[in-house]
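J.: sharing a model prediction with you, sequence too.
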Amino acid sequence: MTRRPLPLLLLALVACAPKGPSIEVRDPYSYESVLGNVGVVYFTIENRGTVADTIADVEVTGALVAMIHEQVANGAMVEMRHVGVLPLPPRSTVVLAPGGLHVMTEGLDRSPVAGDTLEVTLRFTRSGELRFKAPVLAYGVEP
Ligand SMILES: [Cu+2]
């Protein structure tokens, strides 16, 4: 019996192993605005690769400004901090959800209402950019 096929099989396995960052966005959603033309977007982002990446910039179509915020408790107060760059360590999942990290927009063309869709572009340090659509839900509706 010959054992020659074995090295070929190993080579194939090595070739299939993920090398760079592999980024996936899941379950994006937004809420209709209760404060004028301010918008908020939530999603789950997973880096399935073996290399760290970062979200370096965010854009929401039709908005003057889009940025990542983190809601943090400061005593009895709740404040929002601007997160300039969001790290995505290898094989990690980061959740943007109410009460924590979120994308906030200002100066939207018009106030988002339930049924609208926001178009979001994330720019990464290594992985280029990723575009996705976030459906706008009525305020208080569970995604
Ligand atoms: Cu905010």
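T.: Alright, I've got the coordinates. Computed from a predicted model, the values in this text were never measured in an experiment.
J.: which strand residues bridge the spatially most central residue of the chain?
T.: The residue lying closest to the centre of the chain (CA atoms, centre = their mean) is Ile45, at 4.7 Å. When bridges are called by DSSP bridges, Ile45 pairs up with Val25, Val94.
J.: which residues does it contact?
T.: Ile23, Glu24, Val25, Arg26, Ile55, Leu88, Thr93, Val94, Leu96, Leu122 (CB atoms under 8 Å, 6 or more residues apart in numbering). For the C-beta atoms, the positions are set from N, CA and C on the backbone; glycine is no exception.
J.: what is the burial count for the third one?
T.: It refers to Val25. 16 (other CB atoms under 10 Å).
J.: residues touching it, list them.
T.: Phe43, Thr44, Ile45, Leu122, Leu130, Phe132.
J.: which of the residues you listed sits closest to the ion?
T.: Nearest to the ion among those is Phe43, at 14.5 Å by CB to the ion.
J.: give the buried residues for stretch 117-131.
T.: Leu118, Val120, Leu122, Phe124, Ser127 (16 or more other CB atoms under 10 Å).
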